[in-house]
Structure formats: structure tokens, C-alpha cells
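**Q** build the 3D model from these lines:
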Amino acid sequence: MKKSYLSEKAPRPIGPYSQVVQAGQLLFLAGQIPLTAEGKLLEGDVTSQARQVMENLKSVLEAAGAAMSHVVRTTIFLADLGDFETVNKVYSEYFQEPYPARSTIQAGKLPRGASVEIDAIAVI
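**A** Sure thing, here's the model as predicted:
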């Protein structure tokens with residue numbers, strides 16, 4: 001059995017997918033790009049974009065009754081792997097030890113020309 005949640009504080013999905021789906025005690029969060037709740041791509045540097053992505057993830061988790069501390073796995077997609085350290089710094093502001101397991105990948109291109117996208121899996 002699965003259930004989906006929708007946060008009004010995060011952008012609505014731009015395709016046929018859910019922001020977050022719960023299956024048992026697992027939450028699967030769709031990749032978030034730096035869109036505002038109104039669906040506009042946040043202009044600015046990769047630091048601003050990464051912060052918006054993390055805030056979107058936080059809002060989606062809250063809609064499902066969870067928090068950043070419930071996240072056990074993330075994947076970071078970067079348009080430019082040269083932004084790794086900058087995104088890593090922002091990422092570290094949102095997670096405490098033990099940190100989630102994670103992969104970081106340079107993607108050829110991200111939706112809407114975003115610099116960063118992050119998805120997550122959480123346990124509640």
C-alpha cells in the first residue's frame with residue numbers, strides 16, 4: 001500500500017509524479033530542483049539554488065510528517081561537478097551526524113536549466 005503527500009510550501013510536480021510517496025515506513029522523495037513554491041526557477045548562484053532545493057526537501061518531508069533527521073539516503077545531481085564543494089557546504093547545514101548515505105553525480109542537463117537536483121529516501 002502506498003500513499004502520497006503534497007506540500008503547498010514546495011513546488012508542485014512538473015510531471016506525472018508525486019512529491020513524496022510513503023510505502024510502509026519508507027518515504028521516497030522526488031528529486032527537487034530550485035523551484036519556488038510558485039514554480040519559478042530561482043535565479044542566482046549555485047549556493048542559492050542548493051539552499052532552495054534543501055528547503056523544498058524539508059517542506060516535502062514535513063508534509064509527510066517527517067523531518068530532515070529521518071533521511072537515510074540522498075542523491076545529488078549537479079550540472080557541473082565543479083560545484084561539489086559549494087553544494088556540500090549548503091547540504092551540511094541541513095543534516096547532522098550520522099549523515100545520510102549519498103551519491104553525487106554530474107548530470108548532462110537538469111530540468112529547467114537548474115544547477116542542482118536532490119532526491120531522498122527517509123524512514124519514519
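**Q** which positions in the lengthiest helix in the chain come out as buried?
**A** With secondary structure taken from DSSP state H, the chain has its longest helix at helix 46-63. Across helix 46-63, burial judged by 16 or more other Cβ atoms under 10 Å covers 46, 49-61, 63. Quick note: C-beta positions are derived from backbone N, CA and C, even for glycine.
**Q** same check, this time on stretch 88-108
**A** By neighbour count on 16+ other Cβ under 10 Å, the buried set for stretch 88-108 is 90-91, 94, 100, 102, 104, 107.
**Q** before we move on, the earlier item: which of the buried residues of helix 46-63 sits closest to E117?
**A** Nearest to E117 out of the buried residues of helix 46-63 is V53 (Cβ to Cβ; 6.9 Å).
**Q** what about the closest one, distance to M1?
**A** Going from V53 to M1 by Cβ to Cβ, to the nearest Å gives 29 Å.
**Q** partner residues bridging F77?
**A** F77 has these beta-bridge partners by DSSP bridges: I105, E117.
**Q** burial count for it?
**A** 22 (other Cβ atoms under 10 Å).
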